[in-house]
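Asker: Return a 3D structure for these sequence lines:
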Amino acid sequence: MGKKRRAMDERAKKARRAEIITAAFTLLQDTEDYDAVTMARIAKEAGVAKGTLYLYFETKEELFMEAMGDAIGDWFETWIEQIEALPSPASNEDVVHVMAALSDDPMLGLLFTKAYTTIEPNISAEVATRFKRRLRDNLLPLGELLERKLEVLSEPGDGFRFLMCINAVFLGVHQLTTPAPAAKKALQAIDLAMFRLDFVTEFTTICCAILRGWR
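Answerer: Now for the predicted structure:
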């Protein structure tokens, strides 16, 4: 009975944790403003007392770092599934197109941007280590798959290095293609049309250029 009860309690905790993370993502999607998503609002959205949140996460930053870990796992799983379905070897363009289409997610872009500027500076080393290990465990299989699919990534570790490169591309292109409201309004002017950039187009162009110049 003791083991069964502990198992049930563990399942309940995982379910509650998932509900809290879902509530945080829902609020972030609705507001598109990380600073406006407070622990109090997350608790209300999740239907729990604010104190309950702190049984699972010490801070909002820890909550969102854990949420990112979950999201990245799902994200990379889809990448692997779709890239696996491509011929071997695959063309640079086909692989990058899959990556670009699945990266065009405003919430992931917002979270990744906040991860470096706001979240990571405000979490403990323990939380950061746990997140980096989860990230590593997702990146390594994807990197190995890219080495099998892309002839240009011919050396062990090239896939991981390429993923590190496109992480920087993702952050930069996301910021360029999702301007703040005032800037977005300004870009409606005809003479500023050259600043209206499409994420998939720019991400694809840059990543293909990186692969062409890999060696």
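
Asker: nearest residue to residue 207 other than its sequence neighbours?
Answerer: Spatial nearest neighbour of residue 207, excluding adjacent residues (C-beta to C-beta, 6 or more residues apart in numbering): residue 96 at 4.5 Å. Every C-beta, even on glycine, is put in place using the N, C-alpha and C of the backbone.

Asker: domains for the chain, by residue range?
Answerer: The chain is divided into the following domains under automatic domain parsing: 1-56, 60-212.

Asker: which one of those has the lowest average pLDDT?
Answerer: Mean pLDDT values for these show the minimum at domain 1-56, a mean of 84.

Asker: any idea which element the residue nearest the centre of the chain lies in?
Answerer: Closest residue to the average C-alpha location of the chain: residue 108 at 4.3 Å, with C-alpha atoms, centre = their mean. Per DSSP states H and E, residue 108 falls inside helix 106-114.

Asker: thinking again about what came up before, of the domains of the chain, which stretch is the most buried?
Answerer: Mean neighbour count (mean count of other C-beta atoms under 10 Å) peaks for domain 60-212 among these, with a mean of 16.

Asker: ok now that one, how far from the chain's centre?
Answerer: 7 Å (C-alpha atoms, centre = their mean, to the nearest Å).

Asker: Where is the longest helix in this structure?
Answerer: Longest among the helix segments of the chain by residue count, using DSSP state H, is helix 2-31.

Asker: the inter-axis angle of it versus helix 106-114?
Answerer: Counting by axes from the mean of the first three to the mean of the last three C-alpha atoms, to 10 degrees, helix 2-31 lies at 90 degrees to helix 106-114.
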